[in-house]
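Chemist: return atomic coordinates for the entry below.
(one chain, ligands or ions: 3)
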Amino acid sequence: MTNITNTPAQHFPTGTVLGYPRIGRNRELKRALEQYWRGDSSLDALEAVHAEVRQARRNALADAGFARDDASIPEDASTYDHVLDTLLAVGAVPERFADAIGEEPLTLDDAFLLARGDATHPALEMTKWFDTNYHYLVPEISPSTPFRYANRDRARQVTEAGAAGFNTRPTIVGPVTFLALAKAADGVPADFAPLQRLDDLLPVYVEWLADLAEAGAQWVQLDESALVSQVLGIDERTLSDAALHAYSVLSNAPQRPALFVSTAYATLPDTAFNALELAGVDAIGFDLVRGSVPAPARASNVPLVAGVIDGHNIWRGDLDAAFAKLESLQQSGANVHASTSTSLFHVPHTLADETEALSPQLRSWLAFADEKARQIATLAAGLAQGRDAIAAELDAATTALEDRRSADGVHLPSVAERVAQVTDADLQREPFAVREAAQSASLNLPVLPTTTIGSFPQTPTIRRARRDFVRGDIDRAAYEEFLRDEVREVITLQHNIGLDVLVHGEPERNDMVQYFAENLEGFATTANGWVQSYGSRCTRPSILWGDVERTAPITVPWSQYAQSLSDAPVKGMLTGPVTILAWSFVRDDQPLEQTANQVALALRDEVRDLEAAGIRIIQVDEPALRELLPLERDRHDDYLRWSVNAFRLATAGVAIETQIHTHLCYSEFGEIIAAIDGLDADVTSIEAARSRMEVIEDLADHDYPRGVGPGVWDIHSPRVPDSAEIAGLLEAATDLIPANRLWVNPDCGLKTRGYEETTASLQHLVAATLAAREALQQAAARDAAQTVPDAAPAVAAGA
Ligand SMILES: CN1c2c(nc(N)[nH]c2=O)NC[C@@H]1CNc1ccc(C(=O)N[C@@H](CCC(=O)N[C@@H](CCC(=O)N[C@@H](CCC(=O)O)C(=O)O)C(=O)O)C(=O)O)cc1
Ligand SMILES: N[C@@H](CCS)C(=O)O
Ligand SMILES: [Zn+2]
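Modeler: Ligands and ions are numbered 1, 2, ... in the order given. Predicted structure coming up:
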């Protein structure tokens with residue numbers, strides 16, 4: 001780099017979006033990735049598809065009204081995950097991959113190895129990105145993890161944009177957030193934290209910024225959302241000090257674009273705002289949908305990028321109120337710019353693709369990414385030209401909002417009345433000891449019962465049959481016959497493997513939330529509203545727009561059919577109220593608690609109907625319980641109260657003999673053990689294999705009193721664990737949880753796995769369990785022989 005002048009700050013664009021959907025309007029990138037991984041296409045073909053997706057973003061945002069040359073269009077393409085992109089750029093390859101990844105530059109294949117693992121390298125862990133249903137790959141940092149500028153993709157994308165006539169704004173994860181979201185690598189000293197490596201990392205960012213400037217970037221966006229979170233285990237002062245230090249270094253970098261530090265998902269604390277300002281960053285962004293204006297912002301000279309359009313939900317919303325927030329900042333003399341509150345990668349591409357699935361009325365209440373970008377363009381015009389210039393757009397949004405408030409189905413008096421009548425008694429079951437005795441007598445299960453979490457592989461054949469049914473190529477009778485065959489095969493397989501508590505396999509579900517949304521009043525589902533969940537995996541979050549009601553049983557026929565094929569208990573399988581909310585786009589016109597209770601009452605009816613149909617074990621999954629935990633600590637108690645109560649409302653209406661299970665995964669649960677206890681489920685299965693039973697230690701520390709099924713098979717990777725590995729995990733679990741409370745199961749459902757690895761892994765799981773039971777019997781026999789010297793060991797073993 002020859003140019004060593006510090007780039008002066010440019011004018012920040014009047015309006016921008018913090019990011020855009022990355023998977024392609026028709027999931028082109030998903031398909032290209034999966035084709036490449038299957039070996040059906042080349043890396044060049046994958047790169048070509050990705051380049052088209054990148055250009056489609058630039059064009060879509062230009063069409064929405066963004067200038068091509070003022071850095072208002074973000075350059076945020078990611079082939080798999082944006083934290084992984086940053087890891088690659090700063091060369092932070094964990095030492096355990098050093099034998100497989102070495103030479104610079106780091107490549108896409110290196111990225112895929114980190115993300116997906118192979119036989120000898122377990123993949124990086126995934127966890128939730130702040131309080132969203134997006135999962136990022138967790139960097140593993142040790143005192144000696146190497147840092148060097150090792151991947152130029154973002155700079156290349158800026159050059160590519162330039163060649164197409166765009167001056168875009170590269171977006172990257174900032175150094176504080178990168179380290180705050182990382183975990184300490186295994187085996188490091190207990191007092192080591194990744195943030196201690198900030199000084200080693202910053203020179204790489206300096207080099208990266210120079211390369212971006214050289215590629216033509218006027219502005220760079222550094223995402224520092226860690227600054228708003230109180231749940232990362234790092235206190236506010238430490239984060240602010242780290243930001244002050246990091247951005248003092250970066251703003252003095254010899255060659256760099258202007259620095260825009262964005263934060264999202266909650267209120268930016270005053271201390272963090274002050275730190276960024278003092279450090280000399282050129283623009284500061286904050287979320288005014290979830291958060292409020294940091295107090296020092298109003299008196300600041302730094303350009304403020306106010307996130308007033310909700311990037312995390314799909315409502316067209318109150319545009320007038322959004323503009324009023326900008327006006328209020330403007331009136332206090334601030335230099336104000338309009339933006340979305342978060343990146344738009346949490347919402348689908350465009351409403352233009354929903355002409356069939358959604359009614360015109362519902363569509364008029366909504367805005368997906370392209371429509372939100374247009375809203376920003378409107379607000380920017382208002383900032384530049386005054387309120388009158390955008391009066392028509394503001395009025396149109398207000399009219400749509402008024403229509404939404406009074407439309408049929410939004411408020412159903414009967415539903416509100418039922419929620420109002422809920423009493424504490426509806427949330428209570430008999431004490432666990434009473435239930436345990438009754439369930440043990442009626443279910444008669446062996447010690448260490450084996451089971452699975454619900455779904456069996458969603459094979460291409462199943463997905464194709466569903467597609468054919470949706471398209472009308474096969475009729476309902478043929479589709480349901482096909483599904484019954486699937487259920488029969490799944491039951492037979494579980495018998496053959498020797499599992500104790502069976503499942504029907506969930507073949508009828510496209511998704512564990514969307515399926516329920518399709519069968520409940522108050523929801524709408526989209527045709528093409530795909531949103532990335534991780535890597536190539538996407539979901540179509542449903543739109544919860546009205547009061548929720550169940551008009552007929554949903555899962556009962558499938559569970560009943562499965563139970564008719566077996567004498568072993570078949571678990572009923574439902575998704576819990578919190579997870580249904582977390583993975584849908586939820587109405588924002590009433591408290592979440594009210595909506596959660598409506599969903600809970602619908603599920604309560606389903607739970608009772610399953611029980612009446614002879615289903616003796618019912619699992620209500622709540623994998624998103626931790627995900628919705630607010631990032632602000634002072635909101636935790638309220639959230640945990642209503643979310644736990646909603647689960648209890650859904651599940652507490654059954655007899656003592658009916659065993660309620662729940663399932664938790666995809667998050668770290670240590671922090672909410674008391675809430676897990678509060679769910680009062682008879683059995684809780686919980687993801688544990690990848691973290692080697694850490695969560696079980698937390699449960700044991702809490703003296704958790706009910707049944708627990710720590711996952712003993714990490715289902716996120718195609719790797720088949722052998723019996724010895726599962727036995728090792730079981731042994732670790734039996735050290736912490738009394739054997740009579742312990743269940744044996746995988747980490748999560750098997751929908752993303754194939755049958756080959758499913759069958760082999762479950763066989764190993766059963767073999768390890770049989771060996772563990774044998775060992776327990778022998779230990780019991782030895783104990784009995786020692787305490788009652790005359791008793792015959794065989795009698796004691798059978799007791
Ligand atoms: C368990 N998890 C879930 C989360 N969120 C959810 N909403 N659901 C979850 O299960 N969050 C946390 C975790 C991890 N996240 C995910 C997210 C997504 C998947 C996954 O496997 N997604 C599938 C799509 C699932 C789906 O909706 N399938 C539909 C449509 C299938 C489809 O694309 N059909 C094709 C035609 C098929 C063919 O020709 O073969 C088409 O329409 O073009 C269905 O089954 O009907 C994905 O592939 O991304 C897992 C974990
Ligand atoms: N019952 C669901 C839970 C996933 S979190 C499944 O097995 O896929
Ligand atoms: Zn799960």
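Chemist: roughly how far apart are the residue of the stretch 51-200 of the chain at minimum distance from ligand 1 and residue 345?
Modeler: Per CB to the nearest ligand atom, residue 133 is where the stretch 51-200 of the chain lies closest to ligand 1, at 5.0 Å. Yep, even glycine has a C-beta here, placed from its N, CA and C like the rest. Distance of residue 133 to residue 345, computed by CB to CB, to the nearest Å: 11 Å.
Chemist: so what sits against both of the two?
Modeler: Any residue near both residue 133 and residue 345 by CB atoms under 8 Å, 6 or more residues apart in numbering counts here, and that gives residue 531.
Chemist: close to ligand 2, is whatever helix or strand residue 759 lives in?
Modeler: Assigned by DSSP states H and E, residue 759 falls within helix 755-787. No - contact of helix 755-787 with ligand 2 is not found when judged by CB under 6 Å from any ligand atom; the minimum separation is 11.8 Å.
Chemist: for that helix, the distance to its chain's centre please.
Modeler: 34 Å (CA atoms, centre = their mean, to the nearest Å).
Chemist: packing partners for it?
Modeler: Applying 3 or more CB pairs under 8 Å, 6 or more residues apart in numbering; DSSP states H and E, one finds that helix 755-787 makes contact with helix 476-497, helix 723-736, helix 793-798.
Chemist: okay, the angle between the second one and helix 755-787?
Modeler: An angle of 50 degrees separates the directions of helix 723-736 and helix 755-787 when computed by axes from the mean of the first three to the mean of the last three CA atoms, to 10 degrees.
Chemist: right, and residue 202 touches residue 246 too?
Modeler: Yes - in this structure, residue 202 is within contact of residue 246 by CB atoms under 8 Å, at 6.1 Å.
Chemist: what touches both of the two?
Modeler: residue 175.
Chemist: more neighbours: which of these two?
Modeler: residue 246 (28 against 20; other CB atoms under 10 Å).
Chemist: so who does the more buried one touch?
Modeler: 174-176, 198, 202, 205, 279.
Chemist: equivalent analysis for residue 643, please.
Modeler: 577-578, 596, 625, 628, 675.
Chemist: write out the residues of this structure neighbouring ligand 3.
Modeler: Contacts of the chain with ligand 3, taken as CB under 5 Å from the ion, map to 623, 665, 748.
Chemist: quick check: closest non-adjacent residue to the second one.
Modeler: So the one you mean is residue 665. Once flanking residues are discounted, residue 665 sits nearest to residue 687: 3.9 Å by CB to CB, 6 or more residues apart in numbering.
Chemist: next one: the one you found from residue 513, what distance?
Modeler: Applying CB to CB to residue 687 and residue 513 gives a distance of 18 Å.
Chemist: return the residues in contact with residue 140.
Modeler: Counting by CB under 8 Å, 6+ apart, residue 140 has contacts 94, 96, 124, 182-186.
Chemist: please name the nearest non-neighbouring residue to residue 255.
Modeler: residue 210 (4.4 Å).
Chemist: do residue 136 as well
Modeler: Leaving aside its sequence neighbours, residue 136 sits nearest to residue 83 (CB to CB, 6+ apart; 4.1 Å).
Chemist: which other residues reach the strand or helix carrying the one you found?
Modeler: Residue 83 is part of helix 82-89, with elements assigned from DSSP H and E. Residues outside helix 82-89 that contact it (CB under 8 Å, 6+ apart) are 76, 78-79, 93, 106, 110-111, 114-115, 124, 129, 136-139, 149-154, 171-173, 178, 181, 204, 208, 223.
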